[in-house]
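[1] Just to be clear, the model below is a prediction. Sequence and coordinates:
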Amino acid sequence: MAMQARNEAGAGTLVQRLGDNLRKAIVGGQFPPGSKLPSEAQLSEAHGVSRTVVREAIASLRADRLVEARQGAGVFVLAQTEPPPAPLLVGNVDPARVSSMIELLELRTAVEVEAAGLAALRRSPAQEEVILEKHYAVRACLEAGQSTTEADFALHIAIAEATNNPRFREFLALIGKSAIPRAALRDEDSEDDQSGYLRLIDAEHADIVEAISSGDEEAARDAMRRHLRGSQGRYRALLREQRQPVR
């Protein structure tokens with residue numbers, strides 16, 4: 001199980017590496033605007049990765065508006081008439097301010113509860129597989145004592161993808177990794193508290209993933225709501241502690 005989890009954690013690195021390579025090729029002119037990217041099979045063979053990795057890398061390019069998929073024709077490079085949009089709210093989100101993190105969590109709750117429900121209804125077998133892989137990748141980071149922020153974000157992106165409504169993924173991609181504002185807690189909690197908190201997060205993720213996999217729309221919404229509101233509650237407790245007068 002540990003070996004499987006480590007392999008799944010590595011999949012995220014492969015996706016990022018392939019996505020970066022394709023971005024460089026597009027920006028460098030190897031694939032000019034209007035040109036067609038190689039097929040999934042060709043990219044899989046050329047880069048030595050699975051088709052799932054290729055699909056996720058292409059999805060990240062689509063989110064950045066570098067390419068578009070045309071039904072029955074393939075994936076084509078878009079002309080870059082203007083720079084990609086800046087991440088949503090980055091200038092207004094201060095990771096050092098707990099209140100700012102609470103605001104972001106409230107915004108995520110409004111969107112991601114619905115995303116979980118739609119993912120339960122609409123996910124394809126391939127998307128369900130990716131969600132499971134990302135869930136186990138978070139767990140692998142926990143077991144290795146590594147930061148879970150990137151793996152956690154990848155799981156939420158996978159759930160957004162499974163809605164088959166690209167706006168959900170674009171929303172999270174625009175917010176960026178600040179969607180997982182856990183770093184603010186690290187200096188406040190002891191190592192044991194942090195470990196217990198992250199184990200709780202893993203259990204909450206498991207509930208979300210199981211509900212989506214079972215196709216239970218309402219259970220998926222409820223599990224995501226508990227997950228994000230639980231995080232809000234923890235940050236509110238931290239905010240109260242910070243605002244206590246010094247005696």
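    Happy to help now that I have it. Since the model is a prediction, treat every value here as computed from it, not as a measurement. Numbering: from 1, shown residues only.
[2] CA atoms for contacts and neighbours, from now on please.
    OK.
[3] Can you name the next helix or strand after the helix or strand bottoming out on mean pLDDT in the chain?
    Least confident helix or strand of the chain, by mean pLDDT, DSSP states H and E, is helix 183-186 with a mean of 46. From helix 183-186 onward toward the C-terminus, using DSSP states H and E, the following helix or strand is helix 191-213.
[4] Any stretches of this structure with poor pLDDT?
    Scanning the chain with the threshold set as pLDDT under 70 gives 1-12, 81-98, 177-195, 238-239, 241-247.
[5] Domain ranges for it, per the record?
    The chain breaks down into these domains under automatic domain parsing: 2-77, 98-242.
[6] Could you say which of these is packed most deeply?
    Of all the domains of the chain, domain 98-242 has the most neighbours on average by mean count of other Cα atoms under 10 Å, namely a mean of 19.
[7] Can you give the distance of it from its chain's centre?
    8 Å (Cα atoms, centre = their mean, to the nearest Å).
[8] residue boundaries of the strands in this protein?
    Per DSSP state E, the chain carries strands over the ranges 67-70, 74-77.
[9] Quick one: closest of these to Ser213.
    Closest approach to Ser213 among the strands of the chain is made by strand 67-70 (26.3 Å; Cα to Cα).
[10] packing partners for the closest one?
    Applying 3 or more Cα pairs under 8 Å, 6 or more residues apart in numbering; DSSP states H and E, we find strand 67-70 packed against helix 51-63, strand 74-77.
[11] Just put the ones you listed in a markdown table and tack on distance to Ile208.
    Shown next, in a markdown table, are those (distance: least, Cα to Cα, whole Å):
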| stretch | distance to Ile208 |
| --- | --- |
| helix 51-63 | 21 |
| strand 74-77 | 32 |
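[12] Just give the nearest non-adjacent residue to Arg139, would you?
    For Arg139, ignoring the flanking residues on the chain, the nearest one in space by Cα to Cα, 6 or more residues apart in numbering is Asp202 at 6.7 Å.
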